[in-house]
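> Could you look at this predicted model? Sequence included:
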Amino acid sequence: MKQLIIKDIVCDVEGNGILNQASLTVHQGDCIALLGPNGHGKSTLLNVLMGNPRYHVSQGQITLDGEDLLPLTPDMRSKKGIFMAFQNPPDVPGVVTMDFFRAMINAHSEKPISLLKFYKSTTAAYEEVDLDSDMASRHLNEGYSGGEKKRNEILQMLLLSPSLALIDEIDSGLDVDALALIASVINRLKEQGTTFIIISHYDRLYELVNVNKTAVMVNGKIQLEGDASLAKRISKEGYSFLEKEYGIKLQKEEKVVSLGSCAVKQVL
């Protein structure tokens, strides 16, 4: 991708308004920290970008390199190079992980991957995320710990090498070593040209991956943008300075539907 343009997106879920004219421009090579109080629309924005059908967009535009994304289904967006790592990946009983990976790779390729190449790439990916490759014979995410599920999401990202990766609190609940491992994978893909939008609880992850931009979402809208120093300030001070310095008032939490949660600091 060269440029993703999100313009004036209005979105609701089951009649509950969440995004309110959200706009953001993402350039190739960006690594963006997406911050904001709990329930103000961060996870919703990522789900809208991925095409989750539960999220109804009633207004606005999203274009990827000039192409309208909104009519495209999630699988079509995935083939355009968009990937989303979930905060709480679902269990998929009956689907063998290795079969899922192979189908996933083939869906993004002009011709089926050879067994030898598939074995080499998956073995290397399992090693990089520090998971036992024997897990490939188990059903997708079934019986996995929370940390294993999240490493499995990162493993999928490695196998696909997307052009745009949407990371939704992949680091919540992880220890320091796991956090460093995930950061190392993100940094490697950054070097290969992947663009990132990252929601995280921890300023530490943003430091490890050297974000170059910060976007702050409040009341369903990107209210403030800055460089990495903005994320650091929010980590130290929370969001109280937004109203004092920028006149950005935070609505009470009960007025906003929360379908995903994350904030470096919560002051509501």
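Arrived safely, thanks for sending. Numbers count the residues shown, from 1 in each chain.
> From now on I want contacts and neighbour counts done on CA atoms only, so please keep to that.
Noted.
> which residues of this protein fall in strands?
Under the criterion DSSP state E, the chain carries strands at the ranges 3-13, 16-27, 31-35, 56-64, 67-68, 82-85, 92-96, 139-140, 164-168, 195-199, 213-218, 221-226.
> how much space between the residue located most distally from the centre of the chain and T123?
Of all residues in the chain, L116 has its C-alpha farthest from the mean position, at 30.6 Å, by C-alpha atoms, centre = their mean. Using C-alpha to C-alpha, to the nearest Å, one gets 11 Å for the distance from L116 to T123.
> State the distance from the nearest residue to R102 once chain neighbours are set aside to D99.
Of all residues not flanking R102 in the chain, F118 sits nearest, at 7.3 Å (C-alpha to C-alpha, 6 or more residues apart in numbering). Computed as C-alpha to C-alpha, the F118 to D99 distance reads 11 Å.
> ok, G193 to C31 distance?
Taking C-alpha to C-alpha as the criterion, G193 is separated from C31 by 11 Å.
> out of those two, which sits in the more crowded spot?
Counting neighbours by other C-alpha atoms under 10 Å for G193 and for C31 shows that C31 has the greater number, 26 against 17.
> re earlier: ok, F118 and D99, which is more surrounded?
Under the neighbour definition other C-alpha under 10 Å, F118 and D99 were set side by side, and F118 has more, 17 against 14.
> wait, isn't that one in contact with F101?
No: using C-alpha atoms under 8 Å, F118 is not in contact with F101; the gap is 9.0 Å.
> overlap in contacts of the two?
With contacts defined as C-alpha atoms under 8 Å, 6 or more residues apart in numbering, no residue is adjacent to both F118 and F101.
> Could you list the low-pLDDT ranges of the protein?
Applying pLDDT under 70 to the predicted model, the residue ranges of the chain that meet it are 252-268.
> now the helices for it?
With DSSP state H as the definition, the chain shows helices at residue ranges 42-50, 74-79, 97-107, 115-128, 146-160, 176-191, 203-209, 228-237, 241-246.
> export the strands of the chain to a markdown table and tack on distance to I248?
Compiled in a markdown table, the strands of the chain are given as follows (distance: least, C-alpha to C-alpha, whole Å):
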| stretch | distance to I248 |
| --- | --- |
| strand 3-13 | 18 |
| strand 16-27 | 14 |
| strand 31-35 | 14 |
| strand 56-64 | 22 |
| strand 67-68 | 31 |
| strand 82-85 | 29 |
| strand 92-96 | 42 |
| strand 139-140 | 43 |
| strand 164-168 | 24 |
| strand 195-199 | 21 |
| strand 213-218 | 8 |
| strand 221-226 | 7 |
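> most neighbours per residue, which of those strands?
Ranked by average neighbour count under the criterion mean count of other C-alpha atoms under 10 Å, the strands of the chain are headed by strand 31-35 at a mean of 27.
> what helices or strands is that strand leaning on?
Other helices and strands packing on strand 31-35, by 3 or more C-alpha pairs under 8 Å, 6 or more residues apart in numbering; DSSP states H and E, are strand 195-199, strand 213-218, helix 228-237.
> Might you report the residue contacts of E191?
Applying C-alpha under 8 Å, 6+ apart to E191 gives no contacts.
> Compute the distance between it and N219, please.
Applying C-alpha to C-alpha, one obtains 34 Å for the distance of E191 from N219.
> swap in I9?
From I9 across to N219, the span is 13 Å (C-alpha to C-alpha).
> Ok, A136 next?
As it turns out, when the distance is counted by C-alpha to C-alpha, A136 lies 41 Å from N219.
> Same question for L69.
In terms of C-alpha to C-alpha, L69 sits 24 Å off from N219.
> and if you look at P53?
Taking C-alpha to C-alpha, one finds P53 at 22 Å from N219.
> All good on my end, thank you.
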